[in-house]
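> need a structure here:
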Amino acid sequence: MKSVLILSALALAGGHAAAAESLDPVNPSGWNTSAELGAISTSGNTVGTSVTGKIDAKQETAKWSNEYILAGYFKDEEVTDDDGSRLRERSAQRYSASAKAGYKLLDDDHGKLFALATHVDDRFGAYTRYSTIGVGYGTQTYQSDTHTLDVEIGPGYFRGVRSEGIVENGMTIRGAAALKWKLSENAQFRQNLSVERGTSNMHSISETAILTKINSTMQMKAAFNVRNDTVVPADKKNTDTQTSVTLVYSF
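Numbering: from 1, shown residues only. This next block holds a predicted model:
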């Protein structure tokens with residue numbers, strides 16, 4: 001929560017800055033791909049390694065807007081065993097993939113029918129596996145020189161495996177929103193939020209981020225991610241958070 005407040009304060013501070021060309025890829029017809037990577041390695045009294053990465057590929061055609069995302073995160077730590085020996089232990093591991101196909105009803109972003117499929121494999125999460133499929137309608141509800149706001153809504157179906165092995169499945173209703181705010185010529189604020197409401201659980205994912213342009217293809221990204229489930233096993237927490245700083249390369 002503190003990180004969200006810090007990022008929001010930075011966004012408000014830059015809200016009146018002049019906007020220049022977008023930080024987003026500018027190819028309106030074809031592929032726009034970005035790859036981001038961040039890593040931390042510690043030694044001495046605390047030994048460990050954590051790596052986070054993501055590939056986001058978007059395809060634009062006259063009638064279709066498609067997006068494919070692969071992401072991963074893991075963390076290894078050195079711990080002391082009962083007999084005093086030290087060993088490396090995996091303390092976090094999450095991989096995710098998603099694909100979305102959007103059919104443009106109009107020539108701009110104001111109206112799309114979409115189909116979406118996602119899968120998450122989280123070794124230490126409340127749900128070790130979580131898969132969804134869905135359809136719906138998306139549109140850009142607001143656009144200015146410095147802001148865009150896109151929203152989506154539609155029904156879907158999920159299948160989840162909880163950490164104690166219980167399998168859950170059922171219908172869901174999904175809503176999502178994506179805000180982009182150009183703070184200055186070289187900086188952009190983003191807020192992405194998706195919420196899936198099922199019969200027994202509400203699953204939500206949020207990313208709050210600031211991107212700063214280094215050059216025409218490279219950006220620095222500071223992000224705060226939140227994953228929340230309203231119903232979890234007794235030994236798990238409802239909310240997982242991740243704060244990261246990554247380099248983003250667009251091509």
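> just checking, what packs against the host helix or strand of Asn169?
According to DSSP states H and E, Asn169 maps onto strand 167-184. When contacts are defined as 3 or more Cβ pairs under 8 Å, 6 or more residues apart in numbering; DSSP states H and E, strand 167-184 packs onto helix 2-13, strand 127-143, strand 147-162, strand 187-197. Where you see a C-beta, it was placed from the backbone N, CA and C, and this is true even at glycine.
> what sits against the closest residue to Val79 other than its chain neighbours?
Among residues not flanking Val79 along the chain, Glu89 sits closest, at 5.0 Å (Cβ to Cβ, 6 or more residues apart in numbering). Counting by Cβ atoms under 8 Å, 6 or more residues apart in numbering, Glu89 touches Asp76, Glu77, Glu78, Val79.
> now the element after the worst-scoring helix or strand of the chain on mean pLDDT, going C-ward?
The weakest-scoring helix or strand in the chain, judged by mean pLDDT, DSSP states H and E, is helix 2-13 (a mean of 41). Per DSSP H and E, the first helix or strand lying C-terminal to helix 2-13 is strand 30-42.
> neighbouring strands for that next one, and are they parallel or not?
Paired neighbours of strand 30-42 in the sheet (DSSP bridges): strand 48-60 (antiparallel), strand 239-250 (antiparallel).
> from Arg197, how far out is Thr61?
32 Å (Cβ to Cβ, to the nearest Å).
> can you check Gly170 too?
Counting by Cβ to Cβ, the gap from Gly170 to Arg197 is 11 Å.
> dig out what Val167 forms beta bridges with.
Val161.
> next, count neighbours for it.
Each residue near Val167 was counted by other Cβ atoms under 10 Å, and the total is 9.
> hang on, it packs against Gly160?
Yes. Using Cβ atoms under 8 Å, Val167 is in contact with Gly160, at 7.4 Å.
> nearest residue to Met171 in space, please, no chain neighbours.
The spatial neighbour of Met171 that comes closest, neighbours along the chain excluded (Cβ to Cβ, 6+ apart), is Tyr157 at 5.8 Å.
> give the helix, strand or coil label for Leu106.
Following DSSP: H, G, I helix; E, B strand; the rest coil, we place Leu106 in the coil state.
> so Glu207 makes contact with Leu179?
No. The pair Glu207 / Leu179 is not scored as a contact, 10.8 Å apart, by Cβ under 8 Å.
> quick check: neighbours shared by these two?
Common neighbours of Glu207 and Leu179 (criterion: Cβ under 8 Å, 6+ apart): Arg190, Gln191, Asn192.
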